[in-house]
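> Have a look; sequence and predicted model below, questions after that.
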Amino acid sequence: MSDIIQLLPDHVANQIAAGEVVQRPASVVKELLENAIDAQSSRVNLLIKDAGKTLIQVSDNGVGMSPTDARLSFERHATSKIKAAEDLFQLKTKGFRGEALASIAAIAHIDLKTKNAEAETGTEIVIKGSEVVSQEPCVTLQGTVVSVKNLFFNIPARRNFLKSDNVEKRHIIDEFQRVALAHPQIAFSLHHNGNSLFELPVSNRRQRIVNVFGSKTNEKLVPVEEETELVKIKGFIGKPEFAKRSKGEQFFFVNNRFIKSGYLHRAVTLAYEGLLGDRKHPAYFLYLEVDAQSIDINIHPTKTEIKFDDEHAIFAILRSAVKHSLGQFNVTPSLDFKRDSNLDTPYNYKNKSPEIPKIEVDRTFNPFQHNSHSIPKPSAPSPTSFRPKPRQPEWESLYTGLDTPTDNELPSVEFESEAVTGELFSPEESFTHSGVFQLQKKYIVSALKSGMLVIDQHRAHCRILYEEFLKNITVKASLSQQLLFPLVLHFSSRETQMLREIRDSLEQTGFDFAEINEEEVKISGIPSMISESEVTVILDNVMADLQQGIPENEHKSTQRLAQTLAESTAVKAGVSMTEAEQLSIINRLFACKESSVTPRNEHVFIQLDADELAKKF
Ligand code: ADP
Ligand code: MG
């Protein structure tokens, strides 16, 4: 058999390389912005059309290129940034692989205009799919303008794989923000389809963060500063009370390069331990400086992952630096304001020694023996029977625990450690005549003919609201409660962008957006089932979920929106419910299309048969 191995032609090799470097328009944006920074520019403008599918243009006022360099820059492994392998460990530039321009040229139409300080005229090169169409002198200012058009024109599969304009645009904004945050000493702008999205003047780091994420960000930041031989850490972390459910504002920069690191992320979150609510994420903008020799950036084509020589030490230093800032800026004690006053000891218990609670159980008691609705009367003579405390009027409950309970007032069976208030059943937990009661403010227990049903109140309400929201979004618009004064909320421009994307669906559920501006949203109406105070949290949750991944299709995204709205609106564990509310949950739950599981497929209730119960006795 004859020899079959051959060297691939350059344009094919470039297309293959492009597969790694250029995944979507945002990857082109990243490479071009980095080239502009490496060219020592002080101003960089980014212009996008149709989320980069039609045009991505980066213009800079950097050093520019000579005509020969301009031509060479499109060759593979052509770079001015390193000369030998040793240089890989002394990197001061963003780029070094000499691959970006060659890769982009293989899969798009490029027009490059450039002029350096020495030349009188500039050079313009047009390349289509790795082929140089023309190279001519041109009139241009010092610096470089690279225009990338018709991305993936020769790889239809890639082009079709691109997501909607809104999604691609969001990726571009992400890349732009990362580069802009790393280089506050450079002015940046971003225009999309003629609209100015960002105009960032030269500034310091803090101002840059505020300019990118909105003026409200300033008050949320706490500075971090730590200097050791191994690493210098500077930057800002978000105060815990502003933590959000979205992971959006989390940035690590190492030697001014944005990087992703699950490991360092963990160091930061550990420092916040105990300070954040459930599923909340802190914001952070942390700039690490290490010796260029102690890291390897060349482990991933997009250069967003790096390897540290001394990862463990950096982890420990980072964690303690963040912890120190949280403490030093008095961020930690402010949490006391949120202390649950229910945990306070009533006056007359202060000087008492704690008593060990007695547990006496009436083993002969079977709630199903008689009529399932029957409740042992408080007057029942047996000392070991259930004796629920009579329901107290609301005002009397204010004094709970102030009077010394006498022995015969103390019930003899204790379910949970309510010893502090001296109360066995809180009024909300009392048995009711409907055969329904609330347990631990978490479950609704209902007697059935054949046994009993224990319903998770939050999950049940989730299922009910999910079906209602889904119906509202897809079939009929729901009622909106108009607000007397419009609610003005502040978001980052990225978030308002997302809100615009889902505005229609949200309005179907009852939201009424008067205006969605760059960083401000005016809401004039909200769904009837939510209260004004919940709006921020709910929208925050909705956006956090959107960020977690892009739903495959419209149907899925509607389901997700309904699910998020339901989860954030549903009654939580720990909330006491009136008897009427408990009954309403039960009735509405069993009117649902699917009542046994939540939209996330978790059990909503369990059923205990009388037989099973009997076995336990
Ligand atoms: P790398 O950045 O890894 O060197 P690129 O393919 O991105 O590889 O760029 C190749 C070369 O082209 C760079 O090394 C640089 O010399 C030159 N170049 C690219 N963009 C610019 C620019 N905006 N201004 C000046 N020179 C540039
Ligand atoms: Mg480059």
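Thanks, I have the structure now. Computed from a predicted structure; not experimentally measured. Ligands and ions are numbered 1, 2, ... in the order given.
> which ones are touching Lys522?
Applying C-beta atoms under 8 Å, 6 or more residues apart in numbering, we find Lys522 in contact with Pro486, Leu487, Val488, Phe513, Ala514, Glu515, Ile516. All C-beta spots, glycine's among them, are computed from the backbone N, C-alpha and C.
> Swap in 10 Å and give it another go.
Leu483, Pro486, Leu487, Val488, Leu489, Asp512, Phe513, Ala514, Glu515, Ile516 (C-beta atoms under 10 Å, 6 or more residues apart in numbering).
> Bridge partners for it, pull those for me.
On the basis of DSSP bridges, Lys522 is bridged to Val488, Glu515.
> Starting from ligand 2, give me the distance back to it.
42 Å (C-beta to the ion, to the nearest Å).
> what does Val63 give?
14 Å.
> Can you tell me the closest non-neighbouring residue to that residue?
On the basis of C-beta to C-beta, 6 or more residues apart in numbering, the spatially nearest residue to Val63 that is not a chain neighbour turns out to be Ala39, at 5.0 Å.
> And for Phe251?
Leaving out its chain neighbours, the residue that sits closest to Phe251 by C-beta to C-beta, 6+ apart is Phe285, at 5.0 Å.
> How about the secondary structure of the closest residue to ligand 2 within the stretch 301-450 of the chain?
In the stretch 301-450 of the chain, no residue comes nearer to ligand 2 than Lys303, which is 9.6 Å away by C-beta to the ion. Look at Lys303: counting by DSSP: H, G, I helix; E, B strand; the rest coil, its state is coil.
> quick one: it and Asp512, what's the gap?
45 Å (C-beta to C-beta, to the nearest Å).
> Neighbour count for these two, which is higher?
Of the pair Lys303 and Asp512, Lys303 is the one with more neighbours under other C-beta atoms under 10 Å, namely 21 against 17.
> Just give me the residue closest to the centre of this structure.
In the chain, the residue lying closest to the centroid (C-alpha atoms, centre = their mean) is Ser246, at 1.6 Å.
> His183 against Asp60, yeah?
No. At 11.8 Å, His183 does not count as touching Asp60 under the criterion of C-beta atoms under 10 Å.
> For the two, list the residues in contact with both.
Common contacts of His183 and Asp60 (C-beta under 10 Å, 6+ apart): Leu33, Ala36, Ile37, Ser41, Ser42, Val44.
> Tell me the strands beside whatever helix or strand the last one lives in, with direction?
Secondary structure from DSSP states H and E places Val44 in strand 43-49. Strand 43-49 has the following sheet partners, assigned by DSSP bridges: strand 55-60 (antiparallel), strand 187-192 (parallel).
> quick one: which of His183 and Asp60 has more around it?
Per other C-beta under 10 Å, whichever of His183 and Asp60 has more neighbours is Asp60, with 27 against 24.
> from the shared contacts of His183 and Asp60, which are also near ligand 1?
Near ligand 1, judged by C-beta under 6 Å from any ligand atom, the entries from the shared contacts of His183 and Asp60 are Ala36.
> and the shared contacts of His183 and Asp60, which are buried?
Those of these that meet the buried threshold are Leu33, Ala36, Ile37, Ser41, Val44, by 16 or more other C-beta atoms under 10 Å.
> and Leu276, what does it touch?
If you count contacts by C-beta under 10 Å, 6+ apart, Leu276 has them with Pro240, Glu241, Ala243, Thr269, Pro282, Leu335.
> Which of the residues you listed fall in helices?
Thr269 (DSSP state H).
> buried subset of the contacts of Leu276?
By 16+ other C-beta under 10 Å, the contacts of Leu276 give Pro240, Ala243, Thr269, Pro282 as buried.
> okay but the second one is in contact with Val268, surely?
This points to Ala243. No. With contact defined as C-beta under 10 Å, Ala243 does not count as touching Val268 (11.5 Å).
> Spit out the residues that contact the two alike.
Counting by C-beta under 10 Å, 6+ apart, the residues touching both Ala243 and Val268 are His281, Pro282.
> mind showing which ranges of this protein have poor pLDDT?
330-433, 548-554 (pLDDT under 70).
> Around ligand 1, pick out the residues from it.
Applying C-beta under 6 Å from any ligand atom, one finds that the chain approaches ligand 1 through 31, 35-36, 39, 60, 62-65, 73, 78-81, 95-102, 144.
> Narrow these to those that are buried.
The buried subset of those (16+ other C-beta under 10 Å) comprises 31, 35-36, 39, 60, 62-65, 73, 79-80, 95-102, 144.
> In strands, which of those appear?
Asp60, Thr144 (DSSP state E).
> Which parts of this protein belong to which domain?
The chain breaks down by automatic domain parsing into domains covering 10-200, 205-328, 437-606.
> and of the buried ones among the shared contacts of His183 and Asp60, the nearest to Lys169?
Leu33 (15.6 Å; C-beta to C-beta).
> Quick one: neighbours of the nearest residue to Arg178 once chain neighbours are set aside, just the number.
Distances taken as C-beta to C-beta, 6+ apart put Phe258 closest to Arg178, at 3.9 Å, once the chain neighbours are dropped. Phe258 is flanked by 19 other residues according to other C-beta under 10 Å.
> Same check on Thr558?
18.
> Sticking with it, tell me its helix or strand.
Assigned by DSSP H and E, Thr558 belongs to helix 554-569.
> For that helix, output the C-alpha coordinates as CSV.
Below are the C-alpha coordinates for helix 554-569, written out as CSV (Å, rounded to 0.1, in the frame of the first residue of the first chain):
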residue,chain,number,x,y,z
GLU,A,554,-39.0,28.5,24.2
HIS,A,555,-41.1,25.8,25.9
LYS,A,556,-38.3,24.9,28.3
SER,A,557,-37.6,28.5,29.1
THR,A,558,-41.3,29.2,29.9
GLN,A,559,-41.3,26.2,32.2
ARG,A,560,-38.2,27.5,33.9
LEU,A,561,-39.6,30.9,34.4
ALA,A,562,-42.8,29.5,35.9
GLN,A,563,-40.7,27.2,38.2
THR,A,564,-38.5,30.1,39.4
LEU,A,565,-41.4,32.3,40.0
ALA,A,566,-43.2,29.6,41.9
GLU,A,567,-40.2,28.7,44.0
SER,A,568,-39.6,32.2,45.0
THR,A,569,-43.2,33.0,45.7
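> From the contact counts, what lies against that helix?
Here helix 554-569 touches helix 457-474, helix 493-508, helix 535-547, going by 3 or more C-beta pairs under 10 Å, 6 or more residues apart in numbering; DSSP states H and E.
> so it versus helix 535-547, what angle?
140 degrees (axes from the mean of the first three to the mean of the last three C-alpha atoms, to 10 degrees).
> Identify each buried residue in helix 554-569, please.
Quick answer for helix 554-569 (16+ other C-beta under 10 Å): 557-569.
> Between those residues, which sits nearest Val537?
Ser568 (6.2 Å).
> how much space between the closest one and Arg206?
Using C-beta to C-beta, Ser568 is found at 32 Å from Arg206.
> Over to Lys307?
Relative to Arg206, and taking C-beta to C-beta, Lys307 is found at 30 Å.
> Check His171 too.
His171 is 26 Å from Arg206, by C-beta to C-beta.
> of these two, who's got more company?
More neighbours surround His171 than the other of His171 and Arg206, with 21 against 16 (other C-beta under 10 Å).
> Can you verify that one is assigned to a helix?
Yes. Counting by three-state DSSP, His171 is part of a helix.
> Tell me the residue of the protein that sits nearest ligand 1?
Of all residues in the chain, the one sitting closest to ligand 1 is Gly95 (2.2 Å; C-beta to the nearest ligand atom).
> before we move on, the earlier item: take the buried residues of helix 554-569 and write them to JSON lines, including distance to Phe213.
Putting these into JSON lines (distance: C-beta to C-beta, whole Å) gives the following:
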{"residue": "Ser557", "distance to Phe213": "25"}
{"residue": "Thr558", "distance to Phe213": "29"}
{"residue": "Gln559", "distance to Phe213": "30"}
{"residue": "Arg560", "distance to Phe213": "25"}
{"residue": "Leu561", "distance to Phe213": "24"}
{"residue": "Ala562", "distance to Phe213": "29"}
{"residue": "Gln563", "distance to Phe213": "27"}
{"residue": "Thr564", "distance to Phe213": "22"}
{"residue": "Leu565", "distance to Phe213": "25"}
{"residue": "Ala566", "distance to Phe213": "29"}
{"residue": "Glu567", "distance to Phe213": "26"}
{"residue": "Ser568", "distance to Phe213": "23"}
{"residue": "Thr569", "distance to Phe213": "27"}
